[in-house]
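Student: coords below, sequence missing:
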């Protein structure tokens, strides 16, 4: 009976140690996800800015064609 209790305590301690390790792993994944999200938002902003410039150039080109 004492052996089973000792075994359960050891298994519990191993599970506790494993849970702390997994928690750090989750924090790393969250950090990477946040970093990737920020990078994607920056890239999206750049693309939208370029599209806006291209749209303005097309509009200016259309006005020139109507004047000519």
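Tutor: Now that the structure is in, tell me what you want to look at. Bear in mind the structure is a predicted one, so any value in this text is a computation, not a measurement. Numbering: from 1, shown residues only.

Student: need the pLDDT of residue 4.
Tutor: Looking at residue 4, its pLDDT reads 91.

Student: residues near it, how many?
Tutor: 8 (other Cβ atoms under 10 Å). Bear in mind the C-beta positions are built from the backbone N, C-alpha and C, glycine included.

Student: near residue 49, how many other residues are there?
Tutor: 10.

Student: for residue 16, that is, sorry about that
Tutor: 9.

Student: so how far is residue 60 from it?
Tutor: Per Cβ to Cβ, to the nearest Å, residue 16 is found 67 Å from residue 60.

Student: ok, residue 44 next?
Tutor: Distance from residue 44 to residue 60, by Cβ to Cβ: 25 Å.

Student: check residue 25 too.
Tutor: Noted for residue 25: a distance of 53 Å to residue 60, by Cβ to Cβ.

Student: cool, residue 1 as well?
Tutor: 88 Å.

Student: higher neighbour count, these two?
Tutor: Per other Cβ under 10 Å, whichever of residue 1 and residue 60 has more neighbours is residue 60, with 10 against 5.

Student: if anything else comes up later, I'll come back, but that's it for now.
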